[in-house]
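One predicted model, sequence on top.
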Amino acid sequence: MLRMVFALLVLGSVAARAAPSDNDCAYDPKTTHLSRIVAADSTGGPLYGVTMNDADNKSQRRTLDLHDHEIVLTFDDGPLGANTQAILDALQKHCVKAIFFAVGKMAMAQPKLIQEIDRRGHTIGSHTWSHPRAMHTLSVEDNKLEIEKGFIAVSEAVGKPIAPFFRFPGFRDSKGAVAYLASRNISVWGTDVISGDADAGGASAGKVTHDVISRVRSAGKGIVLFHDIKRSTAEALDGILTELEKDGFKVVQVLSNTNYQPDAQLMARADLFRTETAAATARPAASPKEQVKDGSVDVMHTEWIDLDAEIANEKLHSSNAGTGATTQARGGVQPASLTAASGWATGRQVR
Ligand SMILES: [Zn+2]
């Protein structure tokens, strides 16, 4: 029987510090804004969060049992240079943990950055290999490749298996893909609160701050969707967390009680050094004028993402700012470093 397993871990105390560093502040409710740590079960492919598109398989729906004023922070599409780094620093300043739904090819391009996300104790899931925007129109076979290749690539970049947590780009799921994920014991993540940082036309840090605070207040609790590739979110997150903390909101850290396990046959087909999957190249990028609203989800409002443009913007900003953060984080995973995923066979590993 599918069920959600919640584990309230015993919280140890550590000495309070003026400036938290690394993981020093992770598990002390007296010094952090972390309220609880829970383990989410992915057995049978449960669907978490209310925002979904076509997958209306209600028997698989699960709700994270969040208390009033408890939120889960999630970040999609990265990692990406200085923006992801700034978000990691803001999370650390507030001593809270998040789930990062990384894109496979982004993680492969910046392995040091995805490893830093892991080192800081955040949970890492996958958001496909190449972020196809119309995944619901692709064949189940192409969905499988996007899903599996994404998980394999992110795991390879991190250096160990990641959580079997998956989020569809723009929540554009399909019954076939959701059924496949269920067969693979991979959970599907929607969201309860949309930050609006990926709205078509862009959103300023001020708008993201205003909108997400009002939406979280209105919802009272839930899973919050951000994009760590977005400069507006990188600039706004510290202020957002400060305001929400004043309102009494606390962050719940979500871990996984299982690891992603690769399918041997699909792993053999998932050539990580082929530039794109058939799925990603099957369609040209949509223009902003394209009508892409489906079902209950307004994609213009959740995922107006052009990864190449975001990478170019971030490069330009890093170059202008002279931070060098992007250059340092880039480098890519080289073929020689792939070791047929030496960590796959490891046992249970929470994260
Ligand atoms: Zn996305």
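In hand now; what should we look at?

Okay, buried residues for the longest helix along the chain please.
Taking DSSP state H as the criterion, the chain has its longest helix at helix 140-158. Using 16 or more other C-beta atoms under 10 Å as the test for burial, helix 140-158 gives 142-158. From N, CA and C alone the C-beta is placed, and that goes for glycine too.

can you tell me which of the residues you listed are up against the ion?
Intersecting the buried residues of helix 140-158 with the surroundings of the ion, defined as C-beta under 5 Å from the ion, gives nothing.

What segments of the stretch 151-300 of the chain are strands?
165-166, 187-189, 193-194, 222-227, 250-256, 293-294, 297-298 (DSSP state E, counting those that start in this stretch).

Could you give the average pLDDT over the first one?
Which is strand 165-166. Here strand 165-166 scores 98 as its mean pLDDT.

which outside residues touch that strand?
Applying C-beta atoms under 8 Å, 6 or more residues apart in numbering, the contact partners of strand 165-166 are 40, 42, 99, 101, 123, 125-127, 147, 150-151, 181, 186-189, 256.

same deal with the second one?
Residues outside strand 187-189 that contact it (C-beta under 8 Å, 6+ apart): 40-42, 45-49, 52, 55, 60, 62, 74, 99, 101, 125, 164-168, 173, 178, 181, 223.

Then the fifth one?
By C-beta under 8 Å, 6+ apart, the list of residues contacting strand 250-256 from outside reads 33-40, 42, 64, 66, 69-73, 94, 96-99, 123, 125, 163-165, 350-351.

what number of residues lie near Asp65?
10 (other C-beta atoms under 10 Å).

typo on my end, it should be Gly159
16.

Next one, pLDDT for it please.
Note on Gly159: pLDDT of 94.

in what helix or strand does the closest residue to it other than its chain neighbours lie?
Closest residue to Gly159 apart from its sequence neighbours, by C-beta to C-beta, 6 or more residues apart in numbering: Gln115 at 6.4 Å. Element membership of Gln115, judged by DSSP states H and E, is helix 111-119.

And that helix, what's buried?
For helix 111-119, by 16+ other C-beta under 10 Å, it's Pro111, Leu113, Ile114, Gln115, Glu116, Ile117, Asp118.

again with stretch 125-145
Going by 16+ other C-beta under 10 Å, stretch 125-145 has these buried residues: 125-136, 138, 142-145.

Filter those residues down to just the ones in helices.
Those of the buried residues of stretch 125-145 mapping onto helices are Asp142, Asn143, Lys144, Leu145, per DSSP H.

just the helices in this structure please.
Ranges of helices in the chain, per DSSP H, are 81-93, 104-109, 111-119, 140-158, 175-183, 205-219, 231-246, 264-269, 278-281, 299-302, 307-321, 325-329.

by contact count, what packs against the fifth one?
Which is helix 175-183. Applying 3 or more C-beta pairs under 8 Å, 6 or more residues apart in numbering; DSSP states H and E, one finds that helix 175-183 makes contact with helix 140-158, strand 187-189.

got the angle between the longest one and helix 175-183?
Here helix 140-158 points in a direction 50 degrees away from that of helix 175-183 (axes from the mean of the first three to the mean of the last three C-alpha atoms, to 10 degrees).

Kindly calculate the angle that helix 140-158 makes with helix 111-119.
80 degrees.

Adjust the sequence numbering to begin at 277 for everything that follows.
Sure, I'll start numbering at 277, so the last one becomes helix 416-434.

Please export the C-alpha coordinates of helix 416-434 as PDB.
Provided in PDB are the C-alpha atoms of helix 416-434 (Å, rounded to 0.1, in the frame of the first residue of the first chain):
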ATOM      1  CA  VAL A 416       6.200   7.500 -24.100                       C
ATOM      2  CA  GLU A 417       9.500   6.200 -25.400                       C
ATOM      3  CA  ASP A 418      10.900   9.700 -25.700                       C
ATOM      4  CA  ASN A 419       9.500  10.600 -22.300                       C
ATOM      5  CA  LYS A 420      11.300   7.500 -20.900                       C
ATOM      6  CA  LEU A 421      14.600   8.600 -22.400                       C
ATOM      7  CA  GLU A 422      14.300  12.200 -21.200                       C
ATOM      8  CA  ILE A 423      13.400  11.000 -17.700                       C
ATOM      9  CA  GLU A 424      16.100   8.300 -17.400                       C
ATOM     10  CA  LYS A 425      18.800  10.300 -19.100                       C
ATOM     11  CA  GLY A 426      18.100  13.200 -16.800                       C
ATOM     12  CA  PHE A 427      18.400  11.100 -13.700                       C
ATOM     13  CA  ILE A 428      21.600   9.300 -14.900                       C
ATOM     14  CA  ALA A 429      23.200  12.600 -15.900                       C
ATOM     15  CA  VAL A 430      22.500  14.400 -12.600                       C
ATOM     16  CA  SER A 431      23.600  11.300 -10.600                       C
ATOM     17  CA  GLU A 432      26.800  11.100 -12.600                       C
ATOM     18  CA  ALA A 433      27.500  14.800 -12.100                       C
ATOM     19  CA  VAL A 434      26.800  14.600  -8.400                       C
END
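
packing partners for it?
helix 380-385, helix 387-395, strand 399-402, strand 441-442, helix 451-459, helix 540-545, helix 554-557.

Alongside the ion, which residues does the stretch 277-426 of the chain contribute?
Asp352, Asp353.
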